[in-house]
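# Sequence and predicted structure, then a few things I'm wondering about:
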Amino acid sequence: MTDILSYGFIQNAIWAGVLASIACGIIGTLVVVNRIVFISGGIAHTAYGGIGLAFFLGISPLLGAGIFAVVAAVIMALITLKDKNRSDTVIGVMWACGMAFGIILADLTPGYGVDLMSYLFGSILAVPDLDLIYMGVLDVFIIAYVLLYFRQIHAVSFDMEYATSMGVRSGIIYTVLLVMSALAVVLLIRVVGLILVIAMLTIPPYIAEKKVSSLKGMMILSSILSLVFTLAGLYCAYVFNLTSGASIIAVSSVCFFLFIIYEKIRAVLRS
């Protein structure tokens, strides 16, 4: 184990796992509580267009994905706040268009030779120092916003109409929540990729929700579980020469199903 930690790329991967787990625990909790998993999935796949645009313009892929994801989040917030009954159709269209746009721009990029698979399924073992800085800055923003507006976020998450009647600007809080979900997606691109990002945003919070009774506790436990799953998946990927993102999600999924089985057995024994 000591030999593994001596490699620079492993150290970067661990730091990336820590930073991603913090955002994943906080934002994943809000995604699950607010029941916006499908919207977050739409944001994640629309962000793929930003990756293609970044390659085409020669800028950082994470910057391109971040811009696309934030714009998509704002559009989806406006749509869902205005007409929730039609929102799933628009989100589905944006999902498909974002993916198609990204692939076309990647094809049109002169001398293009970057492996898009690393952005679809993650490549935590190849995280550069610059990406760690981006991830750290985004983490600070997410933590600061949640700490400053925790009461309003808590109110909107559990009853938006009541929160609005109490003077909370629910529309703004909800929009910023989707923007933070977009930022969390960008953080997780390098760790598990766009295809698998939803699993990472939902599995730890689901387990945490069953074990704690407060929103703060759920965020903290989700972050811890995310880190455990990430490090375990990273170790499996290194030892067995597997794709890192898929390994992380595989570990998360196994723990998820084991937890469900445990809860079922526990319920039977209690009854």
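Happy to help now that I have it. Residues are numbered from 1 along each chain as shown.

# List the residues that contact residue 249.
192, 196, 199, 200, 233 (CB atoms under 8 Å, 6 or more residues apart in numbering). (C-beta placed from N, C-alpha, C; glycine too.)

# do that again at 7 Å, thanks
192, 196, 199, 200 (CB atoms under 7 Å, 6 or more residues apart in numbering).

# from the middle of its chain, how far away would the helix or strand where the second one lies be?
This means residue 196. In the assignment (DSSP states H and E), residue 196 maps to helix 170-211. Centre-to-centre, helix 170-211 and its host chain are 4 Å apart (CA atoms, centre = their mean, to the nearest Å).

# and what of stretch 60-71?
The chain centroid and the centroid of stretch 60-71 are separated by 14 Å under CA atoms, centre = their mean.

# Tell me the helix or strand right after the helix holding residue 196.
Helix 170-211 is succeeded, C-terminally, by helix 215-240 (DSSP H and E).

# Pull out the buried positions in that following helix.
For helix 215-240, a neighbour-count test (16 or more other CB atoms under 10 Å) marks 215, 218-223, 225-234, 236-238 as buried.

# Point out the other helices and strands that it packs with.
With contacts taken as 3 or more CB pairs under 7 Å, 6 or more residues apart in numbering; DSSP states H and E, helix 215-240 sits against helix 8-33, helix 170-211, helix 244-270.

# Columns distance to residue 55 and mean pLDDT on top of these, output as TSV?
Converted to TSV, those look like this (distance: least, CB to CB, whole Å; pLDDT from 0 to 100):
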stretch	distance to residue 55	mean pLDDT
helix 8-33	21	87
helix 170-211	14	86
helix 244-270	19	91
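
# Quick one: closest of the ones you listed to residue 157.
Ranking the helices and strands packed on helix 215-240 by proximity to residue 157 (CB to CB) places helix 8-33 first, at 4.7 Å.

# got the angle between the closest one and helix 244-270?
Note on geometry: by axes from the mean of the first three to the mean of the last three CA atoms, to 10 degrees, helix 8-33 and helix 244-270 are set 50 degrees apart in direction.

# chain center to helix 8-33, what's the gap?
That offset, for helix 8-33, works out to 8 Å (CA atoms, centre = their mean).

# And stretch 214-232, by the same measure?
Taking mean C-alpha positions (CA atoms, centre = their mean), stretch 214-232 and its chain are 13 Å apart.

# repeat for stretch 52-64
Its chain's average C-alpha position is 19 Å from that of stretch 52-64, according to CA atoms, centre = their mean.

# what about that stretch, average pLDDT?
Mean pLDDT, computed over stretch 52-64, is 84.

# just to revisit the earlier point, tell me the one of the contacts of residue 249 nearest residue 23?
Closest approach to residue 23 among the contacts of residue 249 (CB to CB): residue 200, at 10.1 Å.

# Which residue, neighbours along the chain excluded, lies closest to the spatially most central residue of the chain?
Geometric centre of the chain, nearest residue: residue 185, 3.8 Å, by CA atoms, centre = their mean. Take residue 185 and drop its neighbours on the chain: the residue closest to it by CB to CB, 6 or more residues apart in numbering is residue 44, 4.6 Å away.

# Give me the three-state assignment for that neighbour.
Classification of residue 44 using DSSP: H, G, I helix; E, B strand; the rest coil returns helix.

# Burial check on it, number of neighbours?
Here the number of neighbours of residue 44 (other CB atoms under 10 Å) works out to 28.

# who's in contact with it?
By CB under 7 Å, 6+ apart, residue 44 lies in contact with 185, 194, 197, 198.

# From these, list just the buried residues.
Applying 16+ other CB under 10 Å to these flags 185, 194, 197, 198 as buried.

# was I right about the third one contacting residue 186?
Right, the one you point to is residue 197. No - if you go by CB atoms under 7 Å, residue 197 and residue 186 don't touch, sitting 9.5 Å apart.
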